[in-house]
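# I would like to see how this sequence folds:
(one chain, ligands or ions: 1)
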Amino acid sequence: MKKNIGSKLALYPMPITVIGAMNGGEPTWTLAGHLGIIGHDRVMVSLAAPHFINGKIKETKKLSINLVDEKFLPQADYVGSVSGSKTDKSKVFAWEMGDAGAPLITDSPLTLECSVLDIYETHNFESFICSIDSTYVAEEHLDENGKINYNTLKPVLFEFPTYHYLRTGDVICKCLSLKGKQPKEEMEKCDESQLPCL
Ligand SMILES: Cc1cc2nc3c(=O)[nH]c(=O)nc-3n(C[C@H](O)[C@H](O)[C@H](O)COP(=O)(O)O)c2cc1C
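Numbering: from 1, shown residues only. A predicted model of the protein is given here:
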């Protein structure tokens, strides 16, 4: 029996990301976990309205979404602890300029470079609705068909309720390979080792 604990943000874990935008000739960076996918051609980045980076995103209409690797988690955590309004964060990461004009973190295993199409406003938050201009992937995470290999790409995850970072786990199996049409009683008897993908 499940207990109803009320209206909670509980859709976790999800990837933690560093959002980048240009501030004049230098980048500024902000940590964000509240992102989403809309349809098959839009992504959403939800940022508190007072954040320094929001003004820069609105000026340039460009942002980058950088997945976080454990090796630069301390720096990623840092850009989530201080505001660009008081502290210059431009030197925290080695970076390069993307084709569309957003800054890309060199050490990030995967970066989306995005154009802002719309802003969805809710109380104290601005959610940036973006199209994806480019996807930059470290070559070691591409398979022989040029597809992203999530067996090797292990972005750091996070969860908001207790504010922890987590490691990405293993691939379980290919979607739609589970032949899971058994009635409930059969599922309860199910021996995991018999799953077709394991
Ligand atoms: C783990 C973690 C996740 C965060 N996720 C978000 C988020 O999704 N949206 C947001 O507005 N702020 C988020 N923050 C807070 C901002 O990163 C933080 O307030 C930052 O200092 C804002 O920087 P800025 O003022 O330079 O833009 C997060 C912070 C942490 C530590």
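# run through the residues that contact the closest residue to Ala138 other than its chain neighbours.
Once flanking residues are discounted, Ala138 sits nearest to Pro109: 4.7 Å by Cβ to Cβ, 6 or more residues apart in numbering. Any C-beta I mention is one placed from the backbone N, CA and C, and that applies to glycine too. By Cβ atoms under 8 Å, 6 or more residues apart in numbering, the contact list for Pro109 reads 67, 69, 137-138, 141, 153, 155.
# at 7 Å what do you get?
By Cβ atoms under 7 Å, 6 or more residues apart in numbering, the contact set of Pro109 is 67, 69, 138, 141, 153, 155.
# ok, it to the ligand distance?
For Pro109, the distance to the ligand equals 18 Å [Cβ to the nearest ligand atom, to the nearest Å].
# most neighbours among the contacts of Pro109, which one?
Leu67 (23 neighbours; other Cβ atoms under 10 Å).
# quick one on the thing from earlier: how far away is the residue nearest to Ala138 from Met22?
The spacing between Pro109 and Met22, counted by Cβ to Cβ, to the nearest Å, is 22 Å.
# one more: Ile5?
On the measure of Cβ to Cβ, Ile5 and Met22 end up 41 Å apart.
# who has more neighbours out of the two?
Comparing Ile5 with Met22 by other Cβ under 10 Å, the one with more neighbours is Met22, at 21 against 8.
# what helix or strand is that one located in?
strand 17-23 (DSSP states H and E).
# what lines up beside that strand in the sheet?
Looking at strand 17-23 with DSSP bridges, its partner strands are strand 26-32 (antiparallel), strand 62-67 (antiparallel).
# what pairs with the helix or strand just after the first one, parallel or antiparallel?
In this case it means strand 26-32. Counting by DSSP H and E, the element after strand 26-32 in chain order, helix or strand, is strand 35-38. Strand 35-38 sits in its sheet next to strand 42-48 (antiparallel), going by DSSP bridges.
# about what we covered before: what's the mean pLDDT across the strand holding Met22?
In this model, strand 17-23 has a mean pLDDT of 98.
# any part of it near the ligand?
No - judged by Cβ under 6 Å from any ligand atom, strand 17-23 and the ligand are separated, with a smallest distance of 8.0 Å.
# buried residues, that strand. List them.
17-23 (16 or more other Cβ atoms under 10 Å).
# equivalent analysis for stretch 71-78, please.
Residues 72, 75-77 are the ones in stretch 71-78 that count as buried (16+ other Cβ under 10 Å).
# wait, is Leu73 part of a helix?
Yes - the assignment for Leu73 is a helix, going by DSSP: H, G, I helix; E, B strand; the rest coil.
# what sits against it?
With contact set as Cβ under 7 Å, 6+ apart, Leu73 has these partners: 156, 165.
# ok now stretch 144-163, how far from the chain's centre?
Put simply, stretch 144-163 sits 9 Å off its chain's centre (Cα atoms, centre = their mean, to the nearest Å).
# for it, which outside residues touch it?
Taking Cβ under 7 Å, 6+ apart as the rule, stretch 144-163 contacts 9-10, 12-16, 33, 67-68, 70, 73, 109-110, 137, 140-143, 164-168, 171.
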